[in-house]
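Peer 1: I would like to see how this sequence folds:
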Amino acid sequence: MAYLNETDLGAQMSAIEETVAEGWGGRYAAYARATSCVQGGDLEFRFLDGPAGAPPERSVRIANVITGFTHAYQLSAAREHWTLKVPRSWPSGLYRAEFEPDGGEVWFAVRAARPGGHQAILVSLPFATWQAYNRVGDPGYGLYGTEQHDRAHRVSFDRPGGGPAPERWEEGLMRWLHRTGQTVDYCSNLDLHLVPGLLDHYRLLVCNGHDEYWTWVMRDTVEGFVAAGGNLAIFSGNTCWWQMRLEDEGRTMVCYRDAALDPVAATDPRRATTEWSSALVGRPENTLTGLSFRQGAGCWTDFDLMLDDSYRVAFGDHWALADTGLRDGDSFARGALGYETDAADLTWIDGVPRVTGRDGTPASFTVLATADLRHWRDFGQGGAATMGVFTLGRGSVFNAGTINWGRALDDPVVERITRNVLERFTAPPEPARWEALGPTPALRCLVGTGDRLFGLDGAGILHSREISCQNIPWSVISQGGEAFEALAITAPREAMGGQAQGLYALGADGSIRYRDATTEPRQWLLVGRAPAGADTLAACHEGLFVSCQGDLSYLPFRDLPASAELAKGWRLVGPAPRLASLSASIGRLFALTVDGRILSRLPALEPLPWQEHGLAGGCMALAAYSGMLLGVDPAARSGLLRRLITLPGPAAV
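Peer 2: Predicted coordinates:
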C-alpha cells in the first residue's frame, strides 16, 4: 500500500473504504467521531460498508469495560452513521461498542457531566497511544515501527481501530479502582488538550498504563495543574515520550518522530514531533514526570522474563511505603516491571541512590525504589526502573515507572503503595505536613548552611549530610580537639558584621565556640560567652540571638571577640517562651517551644509578638533553611530527619 505523506492524508479514508474487505476481513467497520462523550451527550458513529448486499440493519452491544455491565441497542437501517444518546446514568468510564453483524468494536470514554462532582480523581485513558498502534506494521497506516521508512506520520481518528492493544495494560488499575470502591472520573487523554479547564475540578490526575504521546498543550495543562496545587500519579511507563500534534479539530494525530521530516521543525523547532528530550524540543519529560525512557528498559520479545524482576527499596521510611513492612534493601513488586520502564539518572552515596538532575529530573525527586534491568538488552532495551515522588510548585508527582503496575495490584505491597498515593494526593490540604528525609543520629541540635546539614549529638560529636530529599546517610566529622557538651548550633547566612561564615555552637557551660563549616577535622575555638542560663542560639541580623529563662537577647558579631571570657555586651530584646530550639532563615527567627509549637518573629531589636505556625510533629530539634523547616524526630523508627513542606500561616500568640 502506498506510503502516506503530508499531502495525501485526505486520501486515507477513501483508501480504507476501497480496501475494507482486505483490511478488515470483509466486516463492516465502525469508528466514533470522538474519543469521549459527556454523560447525557451524543456520540456519533460512522460505518464503512462491507461487501455489496450485506444487510443494512445492525445491532450494537455496549459494555462498560470497567464494571463489565452490558447495554444492548438496536440500530436503524441507516448505512452510514448512528448517534448514541449517552444516558446520564452511565458512570464515567471506558466503554466498548461491538457492532453486529461483524462490525468490529469501537472504544470511547464517558466523561462526567459534572466534573469532580463527588470525585477528586480523574483517570486519563491513553487514546493517543492506542491510535498510534492502530494497524501496527501495516505500511502507511500505523506510526510503528519507529525505524521503518514506510510508517505513517499522520493518522486519523476517523478510522476503525484505535482501541486497547492485546496487552490491555490499562485494565488492571481501572478494575482495581472499581473493585475497591474508589470513586473516580475518566477522560480521554485528548480531553486534556481539547477540553479547557477540565482539571480545575480535581485534586488528582492519574496516568495509567502506556501514556506515550502528548501534545504541547497537554504538557502545559498538566504542569500548570500541578504547579497550582494539583497532584499527578503516574502508574504508567514510557510516559510522555513523544511530542505529537493534533490537527483537524483533534481528529488527526501527527507524529513524524524524525524531526528532519517534520515541516514545523524549520519554523517552530520546539513543536517538532519527536522526543520531548530532543535538542530541538528541549523540554525533557523528566521535568513533568521525574523519569524518562532514556534511562529505562524495554522487554519486547520475552514477556515471561520481565515477570521475574522486582523493585528494590531505597527509602523504606517514606510515606509512600508506609504500612508495607518494607525496609531499605527489600525486594518487592515482582512482576510489576515491564514491558517498558522509566528511570532517572542516579548517583549512589554509600549505597543510597540520589538523582543527578543531568537528565532534567527535578532536585526535589525522592528515589523510593530502583531496579537494575540491564539484562533486558537481549530482549529489547537494557536500562533501569525508578520509582519516586517529587514536588512541582504547590503540587506533587508520584511515578511508579512501569507500564505493568496495574497488573500487579493483587500483590498486597503494590496495592498498599497505590492506596498510599491516592489517599495522600486526594486528602484536603493540611495546616502542616511533615515528611521523612531519612534516618538520623540522636542529634541535640541542627543547622543548614551551604548545601549541607550539620548536627551535634549529646556527646558533642559533629555529624553532617547533604541537604537533599533523599535519605542520604550521615557522616561523623572528626573533632580535632577537646569535646564539649553542646546545646545549640547555628550558622550565619553570610559574612556580615565582622563574623566568619561558619558554625557557632552554644556549650552547656555557656561558652560560644566556632569552627569552619567543613567536613574536614577542625577544632572548636572559644570566641565568646552567653548570658547565664542560655539554652538556644541563632545567627541573624549580623549577630547572635539567645533565649534564656524567658528572655531573648542579642549580641552583634563585632562585639563577640571582646566577650570571649565574659558574658558582656548582650542586649535584652524582649520576652520569649520556653524554647527547645532556635533557628533563623532569610531575616526571620524560628523557634520550637518545649511543648512542641513552632513560632517565629522578625529579628528586630525590640519586643515583638511571636507568631504561631502549628505543631512540630514530634520533632525535638529545628533548623530553618531555604524556605523549609527541618527537624529531628527521635521517636520515629531509628530516628528520622523530617521536613515541613507546608508551613501554616502565622497567628499571633
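Peer 1: Next, the buried residues of the longest helix along the chain.
Peer 2: In terms of residue count, the longest helix belonging to the chain (DSSP state H) is helix 412-426. Neighbour counts over helix 412-426 (16 or more other C-beta atoms under 10 Å) mark 413-414, 416-418, 420-422, 424-426 as buried. C-beta here means a position set from N, CA and C on the backbone, and glycine is covered the same way.
Peer 1: nearest to residue 223, of these?
Peer 2: Checking the buried residues of helix 412-426 against residue 223 by C-beta to C-beta gives residue 425 as the nearest, at 16.1 Å.
Peer 1: ok, and the closest non-adjacent residue to that closest one?
Peer 2: Of all residues not flanking residue 425 in the chain, residue 231 sits nearest, at 3.8 Å (C-beta to C-beta, 6 or more residues apart in numbering).
Peer 1: and if you look at residue 85?
Peer 2: Nearest to residue 85 is residue 42, by C-beta to C-beta, 6+ apart, at 6.0 Å.
Peer 1: ok, now residue 183?
Peer 2: residue 119 (4.7 Å).
Peer 1: Name the SS class of that neighbour, please.
Peer 2: Using DSSP: H, G, I helix; E, B strand; the rest coil, the structure places residue 119 in coil.
Peer 1: try residue 264
Peer 2: Assignment for residue 264 (three-state DSSP): helix.
Peer 1: Spit out the contact partners of it.
Peer 2: Going by C-beta atoms under 8 Å, 6 or more residues apart in numbering, residue 264 touches 245, 271-273.
Peer 1: Just the buried ones among these, please.
Peer 2: 245, 272-273.
Peer 1: Columns distance to residue 252 on top of these, output as JSON lines?
Peer 2: Listed next are these as JSON lines, based on distance: C-beta to C-beta, whole Å:
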{"residue": "245", "distance to residue 252": "8"}
{"residue": "272", "distance to residue 252": "17"}
{"residue": "273", "distance to residue 252": "12"}
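Peer 1: Distance to residue 281 and pLDDT added to the buried residues of helix 412-426, as a markdown table?
Peer 2: Formatted as a markdown table, the buried residues of helix 412-426 follow (distance: C-beta to C-beta, whole Å; pLDDT from 0 to 100):
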| residue | distance to residue 281 | pLDDT |
| --- | --- | --- |
| 413 | 37 | 98 |
| 414 | 33 | 98 |
| 416 | 37 | 98 |
| 417 | 32 | 98 |
| 418 | 32 | 98 |
| 420 | 34 | 98 |
| 421 | 29 | 98 |
| 422 | 32 | 97 |
| 424 | 32 | 95 |
| 425 | 28 | 96 |
| 426 | 32 | 95 |
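Peer 1: Which of those residues lies at the shortest distance from residue 115?
Peer 2: Ranked by distance to residue 115 (C-beta to C-beta), the buried residues of helix 412-426 are led by residue 426 at 14.9 Å.
Peer 1: Could you tell me what pLDDT the model assigned to the residue nearest to residue 183?
Peer 2: At residue 119, the model reports a pLDDT of 79.
Peer 1: can you count the residues close to it?
Peer 2: Per other C-beta atoms under 10 Å, the neighbour tally for residue 119 reads 21.
Peer 1: now swap in the one 10 residues further on and tell me
Peer 2: Other residues near residue 129 number 28, with proximity taken as other C-beta under 10 Å.
Peer 1: how much space between the closest residue to it other than its chain neighbours and residue 408?
Peer 2: Distance criterion C-beta to C-beta, 6+ apart; nearest residue to residue 129, sequence neighbours excluded, is residue 212 at 4.6 Å. Residue 212 is 20 Å from residue 408, where distance means C-beta to C-beta, to the nearest Å.
Peer 1: Residue 470 too?
Peer 2: 25 Å.
Peer 1: C-terminal to whichever strand or helix holds residue 107, what's the next element?
Peer 2: Assigned by DSSP states H and E, residue 107 belongs to strand 104-111. Heading C-terminal from strand 104-111, the first helix or strand you meet, by DSSP H and E, is strand 121-125.
Peer 1: All the helices of the stretch 251-400 of the chain, in order from the start?
Peer 2: 286-289, 303-306 (DSSP state H, counting those that start in this stretch).
Peer 1: what are the ranges of the strands in the stretch 551-653 of the chain?
Peer 2: Taking DSSP state E, counting those that start in this stretch as the test, the strands found in the stretch 551-653 of the chain are 551-556, 571-575, 579-584, 589-593, 597-601, 611-615, 621-625, 628-633, 640-646, 651-652.
Peer 1: Out of those, which is closest to residue 129?
Peer 2: strand 640-646 (33.2 Å).
Peer 1: The closest one: which residues count as buried?
Peer 2: 640-645.
Peer 1: show me what contacts the residue nearest in space to the middle of the chain?
Peer 2: What sits nearest the mean C-alpha location of the chain, by C-alpha atoms, centre = their mean, is residue 397, with 1.8 Å. Neighbouring residues of residue 397 by C-beta under 8 Å, 6+ apart: 226, 231-234, 288-290, 389-391.
Peer 1: Restricted to strands, list those.
Peer 2: Counted as lying in strands by DSSP state E, out of the contacts of residue 397, are 231-234, 389-391.
Peer 1: Surely residue 591 and residue 611 touch.
Peer 2: No - between residue 591 and residue 611 there is no contact under C-beta atoms under 8 Å: 10.2 Å.
Peer 1: shared neighbours of those two, anything?
Peer 2: 599-601.
Peer 1: Would you agree residue 175 falls within a helix?
Peer 2: Yes - assessed by three-state DSSP, residue 175 belongs to a helix.
Peer 1: check contacts around it.
Peer 2: residue 66.
Peer 1: again, only this time at 6 Å
Peer 2: With C-beta atoms under 6 Å, 6 or more residues apart in numbering as the criterion, no residue contacts residue 175.
Peer 1: quick revisit: out of residue 591 and residue 611, which sits in the more crowded spot?
Peer 2: residue 591 (27 against 16).
Peer 1: How about the contacts made by the more buried one?
Peer 2: Counted by C-beta under 6 Å, 6+ apart, residue 591 has contacts 579, 582, 599.
Peer 1: Return the member of those residues nearest to residue 524.
Peer 2: Nearest member of the contacts of residue 591 to residue 524, counting by C-beta to C-beta, is residue 582, at 19.3 Å.
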